[in-house]
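Student: Attaching a predicted model along with its sequence, questions to come.
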Amino acid sequence: MTTNFSAGQRFREALAAEKPLQIIGAINAYHARLATRTGYKALYISGGGVAAGSLGLPDLGISTLDDVLVDVRRITDATDVPVLVDVDTGFGGAFNIARTTKSMIKAGAAAVHIEDQVQAKRCGHRPNKAIVSQTEMVDRIKAAVDARTDPSFVIMARTDALAVEGLQSAIDRACACVEAGADMIFPEAMTELGMYKQFATAVKVPVLANITEFGSTPLFTVEELASADVSMVLYPLSAFRAMNQAALKVYEAVRRDGTQKNVVNLMQTRSELYDFLDYHAYEQKLDQLFQEKN
Ligand SMILES: C[C@](O)(C(=O)O)[C@H](CC(=O)O)C(=O)O
Ligand SMILES: [Mg+2]
């Protein structure tokens, strides 16, 4: 499938078509194909996922713009489903944020979220986070908005302020970011459903709920989130966590038992693997293209 619409336009269309829009994390291009086939209308590239999955590092602001771009290009090459990308704090000052924005658009991303943590950031669900001033965060958003080469490209502001300064400060920051041009708001690590409604009422732009497992936010359902005026639901690392658990079971079993026979039932079969890759269509093409020689 190819499309003439920009990635940003496709993201906005998806948002109009599904409420709340389920945005699912894809750790690599193959998972992007799995999620696309399953019917998701938007995908996510997680900062924590790039760090852990691609680099084997914790989510502490160690990954660079280039690390993320490699994964973005691979995933946007594999699917036309629009992709929201976690760019952490934007990877530097105003000029870096401008460069991040332009590079993400070129790499085929539909949207980015930029957060108000200090550069040496932490996972949003860990203690002892520190945030920059509201003015500095607003400048980050202004830099991204100003650098946008496609007006449909979505700039989402994430605030980590709830855990640091409380709900009112987080809402104030979100409103200031919208005033500076942010298209959407990501209030991080909410602890109660009602908080989303307060954000949605105050900011008057679409609000995202990050429903990540084993964190500060209860696993609210889409119905619950819809009732709180949430426009987007994010599942950043759900499939990644499950895949890691399965991989570990296989590593342990093969090492312990000297055979994989006991864990074959955990595995996707060869034909399933090929199915999601359209492997047979490639084979047919090969036969068709080079039939004279056969
Ligand atoms: C959304 C997030 O920023 C991510 O990188 O995926 C993380 C998710 C997580 O660690 O569970 C976050 O919420 O900080
Ligand atoms: Mg992140």
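Tutor: Ah, there it is. For clarity, every value in this text was computed on a predicted model and none was experimentally measured. Ligands and ions are numbered 1, 2, ... in the order given.
Student: buried set for stretch 133-151?
Tutor: Residues of stretch 133-151 classed as buried: 134, 137-145, 147-148 (neighbour count, 16 or more other CB atoms under 10 Å). The way it works is simple: take the backbone N, C-alpha and C, and place the C-beta from them, glycine included.
Student: Counting only helices, which of those residues make the cut?
Tutor: Taking DSSP state H as the definition of helices, those contribute 134, 137-145, 147.
Student: would you list these in JSON lines and tack on distance to ligand 1 and pLDDT?
Tutor: Output for these, formatted as JSON lines (distance: CB to the nearest ligand atom, whole Å; pLDDT from 0 to 100):
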{"residue": "Gln134", "distance to ligand 1": "20", "pLDDT": "98"}
{"residue": "Met137", "distance to ligand 1": "16", "pLDDT": "98"}
{"residue": "Val138", "distance to ligand 1": "20", "pLDDT": "98"}
{"residue": "Asp139", "distance to ligand 1": "21", "pLDDT": "98"}
{"residue": "Arg140", "distance to ligand 1": "16", "pLDDT": "98"}
{"residue": "Ile141", "distance to ligand 1": "17", "pLDDT": "98"}
{"residue": "Lys142", "distance to ligand 1": "22", "pLDDT": "98"}
{"residue": "Ala143", "distance to ligand 1": "20", "pLDDT": "98"}
{"residue": "Ala144", "distance to ligand 1": "17", "pLDDT": "98"}
{"residue": "Val145", "distance to ligand 1": "21", "pLDDT": "98"}
{"residue": "Ala147", "distance to ligand 1": "22", "pLDDT": "98"}
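Student: Widest-spaced pair of the residues you listed?
Tutor: Gln134 and Ala147 (20.6 Å; CB to CB).
Student: Do a quick rundown of the helices in the stretch 151-294 of the chain.
Tutor: Using DSSP state H, counting those that start in this stretch, the helices assigned to the stretch 151-294 of the chain run over residues 162-165, 167-179, 193-203, 222-227, 238-257, 270-277, 279-289.
Student: Quick check: which of these is nearest to ligand 2?
Tutor: When the helices of the stretch 151-294 of the chain are ranked by distance to ligand 2, counting by CB to the ion, first place goes to helix 238-257 at 12.4 Å.
Student: In terms of secondary structure, what does that closest one contact?
Tutor: On a contact count with 3 or more CB pairs under 8 Å, 6 or more residues apart in numbering; DSSP states H and E, helix 238-257 meets strand 21-25, helix 29-38.
Student: Tell me which of the ones you listed sits nearest to ligand 2.
Tutor: Taking CB to the ion, strand 21-25 is the member of the helices and strands packed on helix 238-257 nearest to ligand 2, at 10.3 Å.
Student: List, one by one, the residues from the stretch 151-294 of the chain near ligand 1.
Tutor: If contacts are counted using CB under 6 Å from any ligand atom, the residues of the stretch 151-294 of the chain sitting beside ligand 1 are 210, 212, 215, 236-237.
Student: So which of those residues wins on neighbours?
Tutor: Ranked by neighbour count under the definition other CB atoms under 10 Å, those are headed by Pro236 with 25 neighbours.
Student: wouldn't that one be in contact with Tyr44 here?
Tutor: Yes. Applying CB atoms under 8 Å as the test, Pro236 and Tyr44 come out as touching, 5.7 Å apart.
Student: coming back round to it: please convert the helices of the stretch 151-294 of the chain to a markdown table, extending it with mean pLDDT.
Tutor: Shown next, in a markdown table, are the helices of the stretch 151-294 of the chain (pLDDT from 0 to 100):
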| stretch | mean pLDDT |
| --- | --- |
| helix 162-165 | 96 |
| helix 167-179 | 98 |
| helix 193-203 | 98 |
| helix 222-227 | 98 |
| helix 238-257 | 98 |
| helix 270-277 | 97 |
| helix 279-289 | 91 |
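Student: In JSON lines, list these along with mean neighbour count.
Tutor: Rendered in JSON lines, the data for these read as follows (neighbours: other CB atoms under 10 Å):
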{"stretch": "helix 162-165", "mean neighbour count": "18"}
{"stretch": "helix 167-179", "mean neighbour count": "20"}
{"stretch": "helix 193-203", "mean neighbour count": "18"}
{"stretch": "helix 222-227", "mean neighbour count": "15"}
{"stretch": "helix 238-257", "mean neighbour count": "13"}
{"stretch": "helix 270-277", "mean neighbour count": "12"}
{"stretch": "helix 279-289", "mean neighbour count": "11"}
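Student: Which one, of the ones you listed, ends up nearest to Ala17?
Tutor: Between Ala17 and those, the shortest gap by CB to CB is with helix 222-227, which sits at 14.2 Å.
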